[in-house]
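Peer 1: could you look at this predicted model? Sequence included:
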Amino acid sequence: MSAGPGITVTGASGRMGQMLIRTVAASGRAHLVGAVERPGHEWIGKDVGEAMGGAPMGVTVTDDALEAFAPAQAVIDFTAPAATIAFAKLAAQARAVHVIGTTGFSDDELEALVPAARHSVQVRAGNMSLGVNLLTMLTEKVAKALDEDFDIEIVEAHHNQKVDAPSGTALMLGEAAATGRGVALGRVADRGRDGITGPRERGHIGFAAIRGGDVVGEHDVIFAAAGERIVLRHIATDRAVFARGALKAALWGQGRAPGAYDMLDVLGLGDG
Ligand SMILES: NC(=O)C1=CN([C@@H]2O[C@H](COP(=O)(O)OP(=O)(O)OC[C@H]3O[C@@H](n4cnc5c(N)ncnc54)[C@H](O)[C@@H]3O)[C@@H](O)[C@H]2O)C=CC1
Ligand SMILES: O=C(O)C1=N[C@H](C(=O)O)C[C@H](O)C1
C-alpha cells in the first residue's frame, strides 16, 4: 500500500519537475501517481523514472493533464503561466490541491487563477523555501521600522535559462517591503532602469536582475541610507529547498477548505 496522498507533477522534465519527482518518491509521505509534459515532448509515453535516467517508477509521462490529475490528491506545478492557468481549472475539477510554484504571471493571468480557487485548495508562492518566506517577514519588519531616508533596492541573481524578471521571489520581497511602508508596490516599483534615468525617487523600491551560469537563486534586500546600509540576503544552493516546501504545501492542503493560500499559511507564519 502506497503512503500518503497521490501526487501528479507537471513539467516533469524541467529543472524543478525532476527535483519534485525525486523528492516525492523519496519522502515516504506521498507517492507519485502522474507526470505531465507539454504535447510533443520527447518524454511522452516513457516511464518517468527511466526518462530521468534511473529505475522505472511505474508512472508514464503524459500530455493528458485531465487523465493525470484524476487519481491525484495534489498537483505540484512548476511550469509556465499559460500552462498553470489551464491546470488550475483541471485541478479544481479533480478537487486536487494545486501547489503553484510557477512565476512570471501578469496581473491578468493572476486574475485568471481566482475562479479555480473557489473549488480547490490553491497554494501559490514565488518561492517555496522556508528561508525566503522568513525573509519576507523580516523585510516587512525592517521596512516598517525605517523611514524613506532608507532607499530599498532588491537585487536577484539566477541561472541563464530563467525566462522572467524580476523573479517571483523579488516581487514577494518587494510586496513585503511595500506592505511594511504602507504603500502599494505598483505605485513605487522601479523596474529595469536604463539610460538617463534621473536621480532616484525617494520612497521608490528598485529591482535589478542578474542572469548567469547555474545560479540557483540569490536575493538581497538592501536598505541604503547616508552613511549606512542594511542587507538582508538569502542564497539558495539546492533546488531541493523549493521541492521540500512544495511537498509540505501539498500535504498541508489535504482536507482544507477551498481557497487561495500561500507559504506563510503552510508554514504557520501568517497573520492568523
Ligand atoms: N516557487 C518556487 O519556489 C520556484 C519557482 N520556480 C519557477 O518554476 C517555473 C519552472 O522553473 P524550471 O523548472 O526552472 O523551468 P524549466 O523550463 O526547467 O521547466 C518547466 C517545464 O514545464 C514544462 N511545460 C511548459 N508548458 C507546459 C505544459 N503546457 N504542459 C506541461 N508541461 C509544460 C516544460 O516543458 C518544462 O519541462 C518557473 O516559473 C520558475 O520561476 C522555480 C524554482 C522555485
Ligand atoms: O526560476 C528559478 O530558478 C527560480 N524561480 C523562482 C523565482 O522566480 O523567484 C524561485 C527561485 O528563486 C528559483
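Peer 2: Good, I have the coordinates. If you're wondering where the values come from, they're calculated on a predicted model, not measured in any experiment. Residues are numbered from 1 along each chain as shown. Ligands and ions are numbered 1, 2, ... in the order given.

Peer 1: for I205, give me its contacts.
Peer 2: Shown here is I205, whose contacts under the criterion Cβ atoms under 8 Å, 6 or more residues apart in numbering are 152-154, 174, 177-178, 185, 188-190. Glycine gets a C-beta too; all of them are placed from N, C-alpha and C.

Peer 1: for the residue of the stretch 1-150 of the chain found nearest ligand 2, which residues are in contact?
Peer 2: Distances between the stretch 1-150 of the chain and ligand 2 by Cβ to the nearest ligand atom are smallest at T103, namely 3.8 Å. Taking Cβ under 8 Å, 6+ apart as the criterion, T103 is in contact with 126, 164, 167-169, 171.

Peer 1: if we can go back for a sec, reformat the contacts of I205 as a markdown table; add distance to A30 and secondary structure.
Peer 2: Putting the contacts of I205 into a markdown table (distance: Cβ to Cβ, whole Å; DSSP: H, G, I helix; E, B strand; the rest coil) gives the following:
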| residue | distance to A30 | secondary structure |
| --- | --- | --- |
| I152 | 39 | strand |
| E153 | 39 | strand |
| I154 | 34 | strand |
| G174 | 33 | helix |
| A177 | 35 | helix |
| A178 | 35 | helix |
| L185 | 35 | helix |
| V188 | 41 | helix |
| A189 | 37 | strand |
| D190 | 42 | strand |
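
Peer 1: quick one: buried ones out of the residues you listed?
Peer 2: Judged by neighbour count, with 16 or more other Cβ atoms under 10 Å as the criterion, the buried members of those are 152-154, 174, 177-178, 188-189.

Peer 1: in a markdown table, list the residues you listed along with pLDDT.
Peer 2: Listed next are the buried ones among the contacts of I205 as a markdown table, based on pLDDT from 0 to 100:
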| residue | pLDDT |
| --- | --- |
| I152 | 98 |
| E153 | 98 |
| I154 | 98 |
| G174 | 98 |
| A177 | 98 |
| A178 | 98 |
| V188 | 98 |
| A189 | 98 |
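
Peer 1: nearest residue to S167 in space, please, no chain neighbours.
Peer 2: Closest residue in space to S167, ignoring its immediate chain neighbours: E156 at 4.7 Å, by Cβ to Cβ, 6 or more residues apart in numbering.
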